[in-house]
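[1] Predicted model, plus sequence, below.
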Amino acid sequence: MSKMAEVEILRDWGRETALRKKWMQMWERLGARILKFPKWLQVIILQDVNVAIENRIATMEMICQAKQSRSKVTAQVKSKVEENRR
């Protein structure tokens with residue numbers, strides 16, 4: 001493994017660690033508030049949060065897939081234009 005690859009892995013690790021830390025801090029704050037409610041409300045809140053996060057992730061995945069598809073189509077069109085110019 002080259003030094004460049006090692007540096008890249010460490011850079012991503014630091015970014016992931018920072019995101020995980022933010023995620024845990026957010027859940028600690030929310031959890032403290034959620035735990036103040038009766039158990040039946042806690043269940044409702046957690047179900048709502050789960051559905052909201054699942055929907056957001058699905059939406060973002062669709063957006064990313066659409067962008068990737070668009071990029072592939074753009075590259076194909078560019079190659080066709082270059083072929084036609086020859």
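    Now that the structure is in, tell me what you want to look at. The shown structure was predicted, so the numbers you read here are calculated from the model rather than taken from an experiment.

[2] just how off-centre is stretch 62-69 within its chain?
    Computed by CA atoms, centre = their mean, to the nearest Å, the chain-centroid distance of stretch 62-69 equals 13 Å.

[3] now stretch 64-76
    18 Å.

[4] for the least confident helix or strand in the chain by mean pLDDT, packing partners?
    Here the helix or strand of the chain ranked lowest by mean pLDDT, DSSP states H and E is helix 3-34, holding a mean of 81. On a contact count with 3 or more CB pairs under 8 Å, 6 or more residues apart in numbering; DSSP states H and E, helix 3-34 meets helix 39-85. No exception for glycine: its C-beta is placed from N, CA and C like everyone else's.

[5] now the helix it packs on and helix 3-34, what's the angle there?
    150 degrees (axes from the mean of the first three to the mean of the last three CA atoms, to 10 degrees).

[6] Packing partners of helix 39-85?
    For helix 39-85, the elements it packs on are helix 3-34, judged by 3+ CB pairs under 8 Å, 6+ apart.

[7] now the helix it packs on, how far from the centre of its chain.
    13 Å.

[8] next one: stretch 17-35
    The answer for stretch 17-35 is 17 Å, by CA atoms, centre = their mean.

[9] Return the set of buried residues in that stretch.
    For stretch 17-35, the buried set under the neighbour-count rule, 16 or more other CB atoms under 10 Å, is empty.

[10] Would you mind pulling the contact partners of that stretch?
    42, 45-46, 49 (CB atoms under 8 Å, 6 or more residues apart in numbering).

[11] quick one, domains of the chain?
    Following automatic domain parsing, the chain resolves into domains at 1-36, 38-86.

[12] ok, now how distant is V43 from V73?
    For V43, the distance to V73 (CB to CB, to the nearest Å) stands at 45 Å.
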